[in-house]
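K.L.:
got a sequence here, can you build the structure:
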Amino acid sequence: MSRTTRRIGRVIGIALVTLAVVLLLVTLRLGTLIRTAVNTMGPPLLGVPVSVESVAVHPLQGRFKLHALTIGNPEGYSSEYLFRLDDMRLELAVADLFKGKTRFKEIVIEGPHVWYDRKLTRSNVGDLLEHLEQMAPAEQPADKPRDSKPAKPVIIDRFEMKEGTVGIKVGVGMKLPLPGIELKDMGRDGALMPVQIVRLIFVNIFKGVLNVVAGAGDLAVEGLKGAGGLAADGIKGAGGLAADGIKGAGKAVGGLVSGIGGRLLGGSGATNAAAADE
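P.N.:
Numbers count the residues shown, from 1 in each chain. Predicted coordinates:
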C-alpha cells in the first residue's frame with residue numbers, strides 16, 4: 001500500500017470518527033432540548049405538572065422516544081398523577097422538513113395508565129377536559145404584526161395508543177382495562193396547529209377514560225354506583241370536543257372506546273369521536 005493511499009485512508013478514518021462524534025453530540029443535545037421543552041412548555045399548555053424522564057433521539061431516521069412521560073393532577077386531587085405512559089415513539093418524515101412541512105409518519109404510546117380521582121361532582125379527568133376545551137385557538141387579531149411567524153400546521157399519518165389501565169381512586173378503588181385508540185390522517189384534510197393536535201389526542205384519550213368509568217356501573221364500590229352520569233362528568237358539550245369542529249381532525253379506526261357495561265359517552269358510539277365534519 002502506497003504512502004498516499006495510507007494517508008487518504010487516515011483522513012477518511014478521522015473524518016468518520018469526527019462525524020460520529022458530531023452526531024453523538026447532536027443526538028445528546030437534541031434529547032436534552034426536547035426534554036427541557038416538554039418539562040417547561042407542558043405545564044402552561046395543559047395547566048398541570050408535566051415531566052418526561054428521558055428522551056432518545058435518532059436524528060437521521062427522524063425517530064424520537066420519550067420515556068416515562070407524566071401528566072400531573074389539577075389542584076385538589078390526591079392521586080399520584082393523572083396520566084403516565086411508559087414510552088412514546090415518534091417518527092418524523094425528515095424529507096418533508098425540506099418542503100416546509102411537519103409530518104409525523106407515526107406516534108405510538110405504550111403502557112398508558114390513568115388515575116381517575118373524584119371530589120364531590122368533579123374529577124381530575126373532567127377538570128383537564130375543561131381546560132382542553134378552552135385551548136381552542138382564538139381568532140387572529142386584525143392588528144397582528146405582519147412580520148410575526150405563524151405556527152406551522154402538523155400532519156400525523158397514524159396515532160396509536162396501546163391498551164392500558166385506569167385506576168379509580170374512589171371508595172376502596174379498582175383497576176379497569178383502558179382500550180387502545182388509533183387515529184389516522186390527522187391534519188391531512190385541513191391545517192391543524194400543534195396546540196390543536198395536542199388537544200385532539202388528549203381529548204380522545206380522556207373521553208375514553210370517562211367511558212370506561214361510566215361503563216363500570218355496579219361493578220364498582222358504593223362510591224361509583226350509578227356511574228352512568230359520570231361520563232359527562234360535569235363537562236358541557238363534551239361530545240363535541242374530539243371533533244373540534246375542524247376539518248382534518250382525522251378518523252378513529254374501529255371503536256374508539258367501549259365501557260365495560262357498554263355505555264358510551266353521550267349515548268352514542270364513539271367511532272366517529274375524532275372525525276371532522278364531512
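K.L.:
okay, stretch 100-110 in PDB with CA atoms only?
P.N.:
Provided in PDB are the C-alpha atoms of stretch 100-110 (Å, rounded to 0.1, in the frame of the first residue of the first chain):
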ATOM      1  CA  GLY A 100     -41.600  23.300   4.800                       C
ATOM      2  CA  LYS A 101     -43.900  20.600   6.200                       C
ATOM      3  CA  THR A 102     -44.100  18.900   9.600                       C
ATOM      4  CA  ARG A 103     -45.400  15.400   9.200                       C
ATOM      5  CA  PHE A 104     -45.200  12.500  11.600                       C
ATOM      6  CA  LYS A 105     -45.400   9.100  10.000                       C
ATOM      7  CA  GLU A 106     -46.300   7.600  13.300                       C
ATOM      8  CA  ILE A 107     -46.800   8.400  17.000                       C
ATOM      9  CA  VAL A 108     -47.300   5.400  19.300                       C
ATOM     10  CA  ILE A 109     -48.000   5.500  23.100                       C
ATOM     11  CA  GLU A 110     -47.100   2.300  25.100                       C
END
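K.L.:
that stretch: which residues count as buried?
P.N.:
Buried residues in stretch 100-110, counted by 16 or more other C-beta atoms under 10 Å: T102, R103, F104, K105, I107, V108, I109. Where you see a C-beta, it was placed from the backbone N, CA and C, and this is true even at glycine.
K.L.:
stretch 31-42 now?
P.N.:
G31, I34, R35, V38, G42.
K.L.:
repeat that for stretch 73-84.
P.N.:
For stretch 73-84, using 16+ other C-beta under 10 Å, the buried residues are N73, P74, Y77, S79, Y81, L82, F83, R84.
K.L.:
among these, which ones are in strands?
P.N.:
F83, R84 (DSSP state E).
K.L.:
farthest pair in the buried residues of stretch 73-84?
P.N.:
Largest separation among the buried residues of stretch 73-84 by C-beta to C-beta: P74 and R84, giving 15.5 Å.
K.L.:
so L200 sits against I181, correct?
P.N.:
No. L200 lies out of contact with I181 (C-beta atoms under 8 Å); the separation is 11.2 Å.
K.L.:
which neighbours do those two share?
P.N.:
Counting by C-beta atoms under 8 Å, 6 or more residues apart in numbering, no residue touches both L200 and I181.
K.L.:
neighbours around N204, how many?
P.N.:
Neighbourhood size, N204 [other C-beta atoms under 10 Å]: 23.
K.L.:
mind giving me the packing neighbours of the helix or strand harbouring I109?
P.N.:
With secondary structure defined by DSSP states H and E, I109 is part of strand 102-110. When contacts are defined as 3 or more C-beta pairs under 8 Å, 6 or more residues apart in numbering; DSSP states H and E, strand 102-110 sits against strand 83-92, strand 154-161.
K.L.:
strands paired with the following helix or strand past the last one, and their directions?
P.N.:
Read that as strand 154-161. Next in sequence after strand 154-161, counting helices and strands by DSSP H and E, comes strand 164-169. Strand 164-169 sits in its sheet next to strand 113-119 (parallel), strand 174-178 (antiparallel), going by DSSP bridges.
K.L.:
next, the buried residues of strand 164-169.
P.N.:
Neighbour count says strand 164-169 has G164, V166, G167, I168, K169 buried, by 16+ other C-beta under 10 Å.
K.L.:
save these as JSON lines, and put in distance to S54 and pLDDT too.
P.N.:
As requested, the buried residues of strand 164-169 are exported to JSON lines (distance: C-beta to C-beta, whole Å; pLDDT from 0 to 100):
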{"residue": "G164", "distance to S54": "20", "pLDDT": "97"}
{"residue": "V166", "distance to S54": "25", "pLDDT": "95"}
{"residue": "G167", "distance to S54": "24", "pLDDT": "95"}
{"residue": "I168", "distance to S54": "29", "pLDDT": "90"}
{"residue": "K169", "distance to S54": "28", "pLDDT": "84"}
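K.L.:
which of those residues lies closest to Q61?
P.N.:
G164 (26.5 Å).
K.L.:
on that earlier part again, which one of the buried residues of stretch 31-42 is nearest to R118?
P.N.:
G42 (23.9 Å).
K.L.:
for that closest one, what are its contacts?
P.N.:
Taking C-beta under 8 Å, 6+ apart as the test, what G42 contacts is V50, S51, I71.
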